[in-house]
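Q: Kindly generate the corresponding structure for this input.
(one chain, ligands or ions: 1)
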Amino acid sequence: MLKYCLSVDIGASSGRLILGHVENQQLQIQEVHRFENKMIEKKGQFCWDIDSLFSEIIKGIKKCHQLGINPVSIGIDTWAVDFVLLDENDQLLTNAVAYRDPRTDGMMEEVTSIIMKERLYLETGIQFQKFNTIYQLYSLKKRDPEILKRAKSFLMIPDYLHFLLTGVKANEYTNATSTQLINAFTKKWDKEIIEKLGLNFEMFQEIKMPKSKLAPIKQELVREIGFEMDVILPATHDTGSAVLAVPELADTIYLSSGTWSLIGVENHFPICVTKALDYNFTNEGGMDYQFRFLKNIMGLWMIQEVKRNFDNQYSFSEFVEQARDEQFHSIVDVDDPRFLKPVNMINEIQQYCQETNQPVPERPGQIAKCVFDSLANSYKKAIEEIEDIFEKSFNRINVIGGGCQNELLNQSLANVTNKEVFAGPIEATAIGNLVSQLIAVDELKDIHHARGIIKQSFEVKKYVSQLIEK
Ligand code: LFR
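A: Next up is the predicted model:
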């Protein structure tokens, strides 16, 4: 009997449920449900609509049953850093506030005045991003200390969704590392940092690793959906799952391309040297205690916002087509915090160009070209930094995730870096999520076996520089 697993992958702009199984040495995937995700405003804060996300998950599970497929397991991954707090009756004390909410303004400065930046980096290996959980929690402590005092459980978004499915609370490791509160060497909650900031250590849960079985889903849900299954933890941080699906890591820089662009390499240990701190690279925890040495680049968020500002008149592929026809060239620093949540992305880009005495983009194609060129420019810089730290050059870049369908960007990346660019798999995150589950249910041996199977199951396109070298 074929064993199916079900991956739930929710990103900042959409979620999907994808079934997977291994057959004839191939990993076969099948999308059963897709839904939109976006920030909503609650009590003046940007939040995620967690109840609606959960009901979409249940809808998707029911669709599997209707298709005649009852997966043996399910695992959920989402973006990182965001969380909820529960009280002593396991009721929500907080909304699922989104990391782009300005509640963390100024918090990084306050936290690093209590614990030196160098010390935080040396212990956690995590990059300094103003929206990391540590700064969100500190902001809560300052603004709403009572809530924090009453909190009995800290759960990150996938942990909470898993709790709703099973009634069992735990903090999955890969996502927990994004809090900047996990010690990169002991791989446990860093009690010293937590207590130094006056946070309640007791609310943090036991850390569980990807591939471990959390629990069977609750009986009341079994009655609702019509079958039993287990929650098996994937790398619940989407980027952690995505990188598992890179078919070939040797001599390769990966670029996980979605709302964010995450660019880096896989490593067996954390690198916390001064240069890595200065370049602001992170060491996020991965499956089997591997580390993702990478950096966040603003990513397709820029074009998602531009699309929204044009009232969704143009699709992403229309932006790409229009950009292709433009000769326009202006570069913005996509990593400037002004692009994190501007009131209007188009205006922000135009103002930046004006301030830096560059041509100001007007037409949709010009704005899109400016975004894509600027992203490629930022990727190039990050690659140079990686090569500087590792004191070697990498020949290949593997772009994974939805953004790898942007042929224009893939080509300009090949052009500006003069490296081979490979694009695919598109559904890397869901695939990586499935890999953890399929290993746990003995359908795949280990990650090496999984990568081999992925290699022969999904199309990967190759791009080489079109610029003629002089
Ligand atoms: C990508 C991602 C990044 C993380 C950012 C915020 O979806 O998970 O890895 O830095 O979202 O959580």
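
Q: Doesn't residue 18 lie inside a strand?
A: Yes. Judged by DSSP: H, G, I helix; E, B strand; the rest coil, residue 18 forms part of a strand.

Q: For it, give me its contacts.
A: Contact analysis of residue 18 by CB atoms under 8 Å, 6 or more residues apart in numbering lists 6-7, 9, 29-32, 427, 430, 434. For glycine as for every other residue, the C-beta is placed from the backbone atoms N, C-alpha and C.

Q: residues contacting the residue in the stretch 251-400 of the chain positioned nearest to the ligand?
A: The ligand sits closest to residue 260 of the stretch 251-400 of the chain, with a gap of 4.2 Å, by CB to the nearest ligand atom. Listed by CB under 8 Å, 6+ apart, the contact set of residue 260 reads 79, 239, 296-301.

Q: Mind doing that once more with 7 Å?
A: 296, 299, 301 (CB atoms under 7 Å, 6 or more residues apart in numbering).

Q: Now residue 261: phi and psi?
A: Backbone dihedrals for residue 261, given as degrees, to the nearest 10, come out at phi -110, psi 120.

Q: That one and residue 302 touch, don't they?
A: No. Look at residue 261 against residue 302 with CB atoms under 7 Å: they stay out of range, at 9.8 Å.

Q: So is stretch 428-440 next to the ligand?
A: No. Residues of stretch 428-440 contacting the ligand under CB under 6 Å from any ligand atom: none, with a closest distance of 8.2 Å.

Q: Name the residues of that stretch that are buried.
A: Across stretch 428-440, burial judged by 16 or more other CB atoms under 10 Å covers 428-440.

Q: Repeat that for stretch 310-323.
A: Those would be 310, 314, 316, 319-320, 322-323, for stretch 310-323 by 16+ other CB under 10 Å.

Q: Would you state the predicted confidence (pLDDT) at the residue of the stretch 251-400 of the chain closest to the ligand?
A: With respect to pLDDT, residue 260 scores 97.

Q: begin at 52 from here
A: All right, first residue 52 from here; so that's residue 311.

Q: And it, how far from residue 77?
A: Here the criterion is CB to CB, to the nearest Å. By it, residue 311 lies 30 Å from residue 77.

Q: With residue 483 instead?
A: Counting by CB to CB, the gap from residue 483 to residue 77 is 16 Å.

Q: for residue 312, same thing?
A: Applying CB to CB to residue 312 and residue 77 gives a distance of 29 Å.

Q: More neighbours: the two, which one.
A: residue 312 (27 against 13; other CB atoms under 10 Å).

Q: roughly how far is stretch 163-176 from the heart of the chain?
A: 23 Å (CA atoms, centre = their mean, to the nearest Å).

Q: ditto for stretch 501-514
A: On CA atoms, centre = their mean, the centre of stretch 501-514 falls 21 Å from that of its chain.
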